[in-house]
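In: Next input, structure requested:
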Amino acid sequence: MDTLQTMRAFACVAETGSFTAAALQLGTTTAYVSRAVANLETHLRARLLNRTTRRIALTEAGQRYLLRCEQILAYVEEAEAEAGDAHARPAGRLRVHSMTGIGMHYVIRAIAGYRKQFPEVSFEMTLANRVPDLLDEGFDVAIVVAPELPDSGLVSQRIGETYSILCASPAYIEARGLPRTPAELIEHDCLRLLSPVMSLDKWLFDGPNGQEMVTLGPSPFQVNVGDAMTEAIRSGMGIGALPAYSAIEALRDGSLVRVLPHYRLQWLNVYALYPSRQYLDAKIKTWVAYLRETLPGILSADEAEVGGAQVRPR
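Out: Below you'll find the model as predicted:
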């Protein structure tokens, strides 16, 4: 027995005073309405309606039950309206996971801009350098930086692209010299930025001679967060690869210099991942659209600024 449907049938009969009128209002047959009410009475083991050939009247039990039915049906209608509205109006909490570097440098800024347009959306943000399990962990959207994504049941939208560059401190360059080609890196201390989507022991460059691969030797330092790598490089520990967005401030203030300025590491795509296209919540849809509209321009501007050997303060 469909309890909600039988409740609706009973409430409609009580409102209209007729099985026939209730059937017309519900778009069904009189026999169906009569059977639904009878099944409900059998289930409750209580008579809800007194029936005569001329009229229908609620019993005392029917009056009490009708009050509860009206409350329950009102709650159900309200819940259905709220759920339906979620596909039309951005509102509620959005749980976002982002890789740390791009989250710190861009996504938080994007959230501030997005909320100026959609103030009814609140954010819960998690930063970690991994690709989360959206379904198991309950995230609505994940921002991932990777050359490409493995096949999965998730929907992915490419929302931008970026790359990494090599940097060192002025003190390190003064002490150890400046490499002129990728092959000369084997003579230097190369620091490793751990990533779940990139090779640990190889650097793939795009440069004047096309793509060149360098296999790294033993490293004196490795870390999984771009901003921590920035500090290690600034401290003179060696040469390290940094995403353009992690390097730009240190290049501006002169605490880092760019190494091999005519080379950049492999292009990386920025993806927004979410579970499904079907019945997509309005806050997810508008958030991903906002990132696609705003992020590429910001990334391009910063990458253009680090395009030279040095970035001078503005």
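In: Show the pLDDT at R8.
Out: For R8, the pLDDT comes out at 89.
In: can you pull the pLDDT of the closest residue to it other than its chain neighbours?
Out: In this structure, R8 finds its nearest non-sequential neighbour in L73, 6.4 Å apart by C-beta to C-beta, 6 or more residues apart in numbering. For glycine as for every other residue, the C-beta is placed from the backbone atoms N, C-alpha and C. Looking at L73, its pLDDT is 84.
In: Does the helix or strand encompassing L73 pack against any helices or strands, and if so which?
Out: Secondary structure from DSSP states H and E places L73 in helix 60-85. Contacts defined by 3 or more C-beta pairs under 8 Å, 6 or more residues apart in numbering; DSSP states H and E place helix 60-85 against helix 3-16.
In: what's in contact with the helix it packs on?
Out: 19, 22, 25-26, 32-33, 36-37, 39-40, 43, 48-49, 56, 58, 62, 65-66, 69-70, 72-73, 76 (C-beta atoms under 8 Å, 6 or more residues apart in numbering).
In: which of these count as buried?
Out: 19, 22, 26, 33, 36-37, 39-40, 48-49, 56, 58, 62, 65-66, 69 (16 or more other C-beta atoms under 10 Å).
In: Now intersect those residues with the strands, please.
Out: Per DSSP state E, strands hold the following members of these: L49, I56, L58.
In: Make a markdown table out of those and add pLDDT and distance to G238.
Out: Shown next, in a markdown table, are those (pLDDT from 0 to 100; distance: C-beta to C-beta, whole Å):
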| residue | pLDDT | distance to G238 |
| --- | --- | --- |
| L49 | 89 | 85 |
| I56 | 86 | 88 |
| L58 | 88 | 84 |
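In: and the gap between the residue nearest to the spatial centre of the chain and A110?
Out: The chain has V141 as the residue nearest its centroid, 1.4 Å off, counting by C-alpha atoms, centre = their mean. Distance of V141 to A110, computed by C-beta to C-beta, to the nearest Å: 11 Å.
In: what's next to the helix or strand hosting E161, contact-wise?
Out: For E161, the host element (DSSP H and E) is strand 155-162. Residues from elsewhere that reach strand 155-162 (C-beta under 8 Å, 6+ apart): 102, 143, 145, 149, 243-245, 267-277, 288, 291-292, 295-296, 299, 303.
In: Can you go through those and name the buried ones?
Out: 102, 143, 145, 243-245, 268-275, 288, 291, 295-296, 299, 303.
In: Mind checking what helix or strand follows the helix-or-strand element of the chain with minimal mean pLDDT in sequence?
Out: The helix or strand of the chain with the poorest confidence is helix 60-85; it has a mean of 79 (mean pLDDT, DSSP states H and E). With elements assigned by DSSP H and E, the helix or strand that comes after helix 60-85 is strand 92-98.
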